[in-house]
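>>> sequence plus the predicted model coming up.
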Amino acid sequence: QKAEILVIGGGYGGATAAKYLRLFSNNTAKVTLIEPNASFVSCPLSNLVVGGSRTLAELTSPYDNLSKRHGIKIIQDSVSSMDPDKKTVKLASGKTLRYDKVIVSPGITLMMNSIEGLAQANKDGVTLQAWKAGAETVALHNQLAAMRDGGTFALSIPEAPYRCPPGPYERACQVANYLKKNKPKSKVLILDANQDVTSKGGLFKKVWAEQYTGMIEYLPKHNVTAVDAKTKTIKLEVQDDIKADVLNLLPAMSAGEIAVKTGLANSNGRWVNVNFLNFESTAQKDIHVLGDSIQIAPAMPKSGHMANQHAKVAAAAIVAELSGWEVNPAPVLTNTCYSFVNEREVVHVASVHQYNAAEKTFKTVPGSGGLSPAPSTLEGVYAWGWAHNIWADSLG
Ligand code: FAD
């Protein structure tokens with residue numbers, strides 16, 4: 001009887017893994033993908049929707065090809081619990097499914113309790129994060145559009161690691177780009193818990209100084225601890241309180257809820273340690289974890305590009321194991337993160353990570369990768385090319 005392979009989560013990691021399990025097994029593996037959303041909505045490029053220059057529809061892809069073209073069974077549901085001993089997962093609808101291997105790629109959990117009052121402020125409709133693309137992304141744009149000219153858009157960043165290191169700085173650019181055209185007396189305030197800009201720092205700071213002069217204020221070492229929804233006041237660990245009109249507060253993040261709840265987050269209770277040769281959890285056999293949920297190797301970002309790469313390593317290892325093939329993998333992963341600094345100009349950072357057998361981790365290949373010299377519209381074309389290629393690779 002064929003091994004049952006379940007994939008939990010149809011995002012950058014899970015969708016890619018499901019497809020590549022089929023491709024690497026010559027379409028013989030039995031693969032079921034469980035995902036609550038009817039279609040895939042990309043976080044990459046979603047800051048352009050916040051800034052109002054693009055629509056969510058442009059970032060949305062159907063799941064149809066995975067079922068029709070690749071023979072993957074798709075269940076539109078979410079996994080409410082997992083039993084690693086019985087090797088079963090329970091769906092929100094009540095059904096229980098058995099597995100021989102399961103891939104878990106549930107993204108992140110926003111740790112709302114890390115900022116006092118944030119959960120309530122979200123409930124009251126005062127704050128939102130838009131750190132998972134979808135209705136919130138549009139809602140944040142609507143808050144920006146409704147803000148008075150002369151208002152302050154505050155964006156807070158938790159201590160790294162968090163999903164997408166350059167993402168908040170790209171968002172600041174997109175918000176400022178909108179304000180420059182529509183509400184020029186307004187301001188973007190970046191409250192960063194980190195010591196400095198965590199990705200492409202020189203490039204972002206130059207753009208802020210040259211394209212958004214006086215509009216973006218960057219405050220490092222500003223750790224947000226609480227929010228008062230009624231008065232729209234942000235409280236900081238050290239500095240005085242700050243008031244703002246739009247409060248886009250990003251709390252600390254951890255592995256996706258299902259991974260945490262199943263006891264897989266064995267790195268500080270937040271991230272999942274994996275064996276980097278097959279992305280199997282070090283906490284449970286036959287559970288492979290991908291993407292943002294894992295404790296990353298040094299210098300590896302939590303990105304969609306990386307999740308796509310994790311997926312291919314895991315799929316290859318699982319197919320090899322189930323087929324009884326003798327393999328000696330030495331994976332090499334690449335990453336590119338593009339950031340739009342306005343509607344058309346883009347900067348990128350790229351890196352190559354090679355598995356180091358002695359240290360059992362990925363190491364950045366010396367001299368690999370690089371950084372844009374300056375923003376350009378040509379890179380804007382590359383960025384859209386990157387997006388369409390990775391969507392086709394994961395979902396096409
Ligand atoms: P996701 O892609 O989030 O997928 C998780 C999936 O799991 C979701 O579809 C969810 O519905 C599903 N799920 C969760 N729990 C369950 C459950 N219990 N049962 C079933 N399904 C479940 N990355 C880049 O490479 N380049 C970029 O330019 C870039 N820009 C970004 C900009 C922003 C504003 C943001 C927020 C992120 C950006 N990222 C970028 C990061 C990228 O989005 C993430 O790193 C990537 O989505 C991680 O993939 P994942 O598979 O771990 O999670």
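That came through, no problem.
>>> where's the residue in the stretch 101-250 of the chain that the ligand sits nearest to relative to Met300, distance?
Proximity to the ligand, evaluated over the stretch 101-250 of the chain using Cβ to the nearest ligand atom, is greatest for Gly107 at 2.9 Å. No exception for glycine: its C-beta is placed from N, CA and C like everyone else's. Taking Cβ to Cβ, to the nearest Å as the measure, Gly107 falls 16 Å from Met300.
>>> wait, doesn't the residue of the stretch 101-250 of the chain closest to the ligand sit right on Ile294?
No - with contact defined as Cβ atoms under 8 Å, Gly107 does not reach Ile294; the gap is 11.2 Å.
>>> who has more neighbours out of the two?
Set Gly107 next to Ile294 and count neighbours by other Cβ atoms under 10 Å: Ile294 wins out with 29 against 25.
>>> I figured Gly134 hits Leu56, correct?
Yes - assessed by Cβ under 8 Å, Gly134 is found in contact with Leu56 at 7.4 Å.
>>> which neighbours do these two share?
Val41 (Cβ atoms under 8 Å, 6 or more residues apart in numbering).
>>> Val89 falls within a helix, correct?
No - counting by DSSP: H, G, I helix; E, B strand; the rest coil, Val89 is not found in a helix; it is strand.
>>> count of neighbours near Lys302?
Here the count is done by other Cβ under 10 Å, and Lys302 has 22 residues near it.
>>> again, but for Tyr162
24.
>>> same deal with Lys183?
So Lys183, with other Cβ under 10 Å, has 17 neighbours.
>>> could you look up the SS state of the nearest residue to it once chain neighbours are set aside?
In space, Lys183 comes closest to Asp149 once its chain neighbours are excluded; the distance is 3.9 Å by Cβ to Cβ, 6 or more residues apart in numbering. The three-state label given to Asp149 by three-state DSSP is coil.
>>> residue contacts, Asp149?
Counting by Cβ under 8 Å, 6+ apart, Asp149 has contacts 182-186.
>>> what helix or strand is Gln143 on?
helix 135-146 (DSSP states H and E).
>>> contacts only, for the residue of the stretch 101-250 of the chain closest to the ligand.
Per Cβ under 8 Å, 6+ apart, neighbours of Gly107: 9, 11, 132, 163, 256, 291-293.
>>> now secondary structure, neighbour count and distance to the ligand too, for those residues, in TSV please.
Formatted as TSV, the contacts of Gly107 follow (DSSP: H, G, I helix; E, B strand; the rest coil; neighbours: other Cβ atoms under 10 Å; distance: Cβ to the nearest ligand atom, whole Å):
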residue	secondary structure	neighbour count	distance to the ligand
Gly9	coil	29	3
Gly11	coil	27	2
Lys132	coil	17	6
Arg163	coil	21	5
Gly256	coil	25	5
Gly291	helix	33	2
Asp292	helix	31	4
Ser293	helix	33	6
